[in-house]
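A.B. asks: 3D, please:
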Amino acid sequence: MSSSSGTPEWWTRLSSPGTGEPAAGKPLPAGQQAMLLTFMTYFWGASLGGVCQILFGGYFLGAKQAADFNLSSGWLQLIYVLTGLLMIEIALGILRLEAWTYWACWLFEVVLTAVLIIEIVRWATGAPITLEVGVFACLDILFVVLNLMFMLQDGVRQTLRYPVFRGAQYSPPLVLFAVVLALPALALHELGNYVDNHLSSPVLALVYVLTFALMILMAYGALWRQAWTWFMAWAGAAVLTALSVDVIVRRVTGSGVSVQGLIASIVSILFVASAVYYLLLRDVRRTFIHARPKNPLFSPPILIGGLLLAVFAVVAYLLPDQFGAPAIAYTVLGLAVGAIVGLLPDADPVARLMGFTLGLLLAFASFVVRGGFLPYTKWWSAAVVLVLLAIITGITALFRSSTWFVSMLLGAGILYGIVELQFQAAPSAYLASSAVAFLSILFSFGIGYMVSAVLGIKLVPASRAGAAPSDAGPPPGGAGPAPAGKHAQAAHQGAPEPDAEHTHQGAPEPDAEHTHEGAQEGEG
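C.D. replies: You can find the predicted model right below:
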């Protein structure tokens, strides 16, 4: 079973000296523990890189690079998608130290090297190289070198061939993390290239942006063992299956679907079958679907605070036109920043308010100096910004307070972000633009801060918050995931550790909270 941090079982059992289990009396291969960080790094690179290959190579770069590779856009897009799926499957295989992943990494190396050779040959023969091809050539060089270093590193092949953990359980959070990213990426590829390739630019951009937002939510929920991500993965599998079947039916009925679309759809259905296998794994189901303590659906103060900010924002947009459009825009930004400063944990309210106000004043003074006393050149502008940040750092050192540092940075940064472009466009109008921004932000900041302060909303540090609500284990005696972390190690060595499972899962014992907090701090 995976540890509380979502790492695989082999990481938990090998990351501490003396915890490895030799097979048939043989000691662990030399350098095996040194491979742990390498394997986990490769997993993150392969899983995220594979999704990027599908999303960008399978749609945008495939069309951009078609002429450079003497291939049609369809075939090049398909190659990108297949390469991305290979990377994702390698990442999932590494989670269980599957022996086949070593040879899959070599296949990946061959594909990358072939693409790189084509790019270099075309560049050497004087062919026009677009910016996208040049960027991807540099990335290919980096991936080829890193992939080769990984495979040739001492102990990698021995670790993958070592039979101790072969067939061991996956890490459920990381498995679902990879699945919930890959399924929407493939669905976007199918939708934009084969199902409806007539999407207008705004529609396609909206679909991409909303899907990216959903992917971020699901990925984070998977890492925190949120049960809804398991069901969303099933929904993603259903959507991808429907899109793939639609493409296959169109191809069979002669509706003009290309061969590449047929191949991509068949491969997508095979990946859906693979994803269903991962979702139905016993440890995955136990991790995401089990009895949980009742938790409130929302935090009332946060809900009320969000609604109040929304009301103030609507009022700001409905203000009379005499205030001007810039003032209204600045007001909405000030509301958000005020609420954020009010959320700072363990911070003196006076320090928050004074720090933010002082940051605004220092930034306003810097614009006065730049516009009224110094020649407008990039060197003088850089010097003023340097002095501004040095003053902020000096004040922080004087008060020895991180609250002052954060508040002053927010105040100065927000004013610079708003006024800088206007100042560059019309340096002589610095006073008017800076004054409007300063007053609008200061007023709306007070409203946003008041909302957070009155409702008592605070950010809780991770070391105090403990596990996410969904991370709580089943009640004592209920079916739940196997123990992990120190308990798994102790059970593996045969050392008695009474009630370790309930302590790790957060059962209501006197010291359970402190035990769980200590484990999280150690993992950080």
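A.B. asks: report the distance from the host helix or strand of Val135 to the chain centre.
C.D. replies: Using DSSP states H and E, the secondary-structure element containing Val135 is helix 131-152. Put simply, helix 131-152 sits 22 Å off its chain's centre (Cα atoms, centre = their mean, to the nearest Å).
A.B. asks: over to stretch 173-183?
C.D. replies: Its chain's C-alpha centre and that of stretch 173-183 lie 12 Å apart, by Cα atoms, centre = their mean.
A.B. asks: what average pLDDT does that stretch get?
C.D. replies: Mean per-residue pLDDT for stretch 173-183: 92.
A.B. asks: next: stretch 91-103.
C.D. replies: Here the average pLDDT along stretch 91-103 is 84.
A.B. asks: backbone phi and psi for Leu95, please?
C.D. replies: phi -60, psi -20 (degrees, to the nearest 10).
A.B. asks: burial check on it, number of neighbours?
C.D. replies: Residues near Leu95, counting by other Cβ atoms under 10 Å, number 27. (C-beta placed from N, C-alpha, C; glycine too.)
A.B. asks: that one and Arg285, how far apart?
C.D. replies: Distance, Leu95 to Arg285, by Cβ to Cβ, to the nearest Å: 16 Å.
A.B. asks: circling back to that earlier point, packing partners for the helix holding Val135?
C.D. replies: Secondary-structure packing of helix 131-152 (3 or more Cβ pairs under 8 Å, 6 or more residues apart in numbering; DSSP states H and E): helix 35-52, helix 100-124.
A.B. asks: which one of those has the most crowded surroundings?
C.D. replies: helix 35-52 (a mean of 19; mean count of other Cβ atoms under 10 Å).
A.B. asks: quick one, it and helix 100-124 angle?
C.D. replies: Comparing the axes of helix 35-52 and helix 100-124 via axes from the mean of the first three to the mean of the last three Cα atoms, to 10 degrees yields an angle of 60 degrees.
A.B. asks: thought Leu204 was touching Asn193?
C.D. replies: No: using Cβ atoms under 8 Å, Leu204 is not in contact with Asn193; the gap is 11.0 Å.
A.B. asks: neighbour count for those two, which is higher?
C.D. replies: A count of neighbours by other Cβ under 10 Å puts Asn193 above the other of Leu204 and Asn193, at 23 against 17.
A.B. asks: pretty sure the more buried one sits against Ile263.
C.D. replies: No: look at Asn193 against Ile263 with Cβ under 8 Å: they stay out of range, at 11.8 Å.
A.B. asks: turn the helices and strands packed on helix 131-152 into a markdown table, including distance to Ala238.
C.D. replies: Output for the helices and strands packed on helix 131-152, formatted as a markdown table (distance: least, Cβ to Cβ, whole Å):
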| stretch | distance to Ala238 |
| --- | --- |
| helix 35-52 | 19 |
| helix 100-124 | 28 |
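A.B. asks: per the annotation, how does this structure divide into domains?
C.D. replies: Using automatic domain parsing, the domain parsing of the chain gives 32-288, 300-455, 464-523.
A.B. asks: what sits against Phe443?
C.D. replies: Thr331, Gly334 (Cβ atoms under 8 Å, 6 or more residues apart in numbering).
A.B. asks: for Ser401, that is, sorry about that
C.D. replies: Asp348, Ala351 are the contacts of Ser401 under Cβ under 8 Å, 6+ apart.
A.B. asks: if I look at it, how far off is Leu361?
C.D. replies: Ser401 is 18 Å from Leu361, where distance means Cβ to Cβ.
A.B. asks: how about low-confidence regions in this protein?
C.D. replies: The model of the chain has pLDDT under 70 over residues 1-37, 58-72, 127-130, 132-133, 161-170, 197-201, 291-299, 320-325, 430, 459-524.
A.B. asks: for it, identify the residue most remote from the centre.
C.D. replies: Going by Cα atoms, centre = their mean, the residue of the chain most distant from its centre is Phe373, 44.9 Å out.
A.B. asks: how many neighbouring residues does Ile392 have?
C.D. replies: By the criterion of other Cβ under 10 Å, Ile392 has 23 neighbours.
A.B. asks: which strand or helix spans it?
C.D. replies: Assigned by DSSP H and E, Ile392 falls in helix 378-399.
A.B. asks: next, the buried residues of the helix holding Val135.
C.D. replies: Buried residues in helix 131-152, defined by neighbour count with 16 or more other Cβ atoms under 10 Å: Val133, Phe136, Ala137, Asp140, Phe143, Val144, Asn147, Phe150, Met151.
A.B. asks: now tabulate those residues in a markdown table and tack on distance to Gly221.
C.D. replies: Formatted as a markdown table, the buried residues of helix 131-152 follow (distance: Cβ to Cβ, whole Å):
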| residue | distance to Gly221 |
| --- | --- |
| Val133 | 37 |
| Phe136 | 31 |
| Ala137 | 36 |
| Asp140 | 33 |
| Phe143 | 29 |
| Val144 | 34 |
| Asn147 | 30 |
| Phe150 | 30 |
| Met151 | 33 |
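A.B. asks: identify the farthest-apart pair in the residues you listed.
C.D. replies: Val133 and Met151 (26.3 Å; Cβ to Cβ).
A.B. asks: still on that earlier bit, of all the helices and strands packed on helix 131-152, which lies closest to Pro172?
C.D. replies: Proximity to Pro172, assessed across those by Cβ to Cβ, is greatest for helix 35-52 (14.0 Å).
A.B. asks: checking Asp154 next. Helix, strand or coil?
C.D. replies: coil (DSSP: H, G, I helix; E, B strand; the rest coil).
A.B. asks: how much space between it and Trp106?
C.D. replies: From Asp154 to Trp106 the distance is 17 Å (Cβ to Cβ).
A.B. asks: likewise for Thr125?
C.D. replies: Thr125 is 29 Å from Trp106, where distance means Cβ to Cβ.
A.B. asks: got it, and Ala426?
C.D. replies: For Ala426, the distance to Trp106 equals 60 Å [Cβ to Cβ].
A.B. asks: quick one: the helices in the stretch 151-300 of the chain, in order.
C.D. replies: 156-161, 172-190, 201-223, 227-252, 259-279, 282-288, 300-317 (DSSP state H, counting those that start in this stretch).
A.B. asks: tell me which of these is the most buried.
C.D. replies: Ranked by mean neighbour count, those are led by helix 172-190 with a mean of 26 (mean count of other Cβ under 10 Å).
A.B. asks: direction-wise, compare that helix with helix 201-223 and give the angle.
C.D. replies: Compare the direction of helix 172-190 with that of helix 201-223 by the same axes, to 10 degrees and you get 170 degrees.
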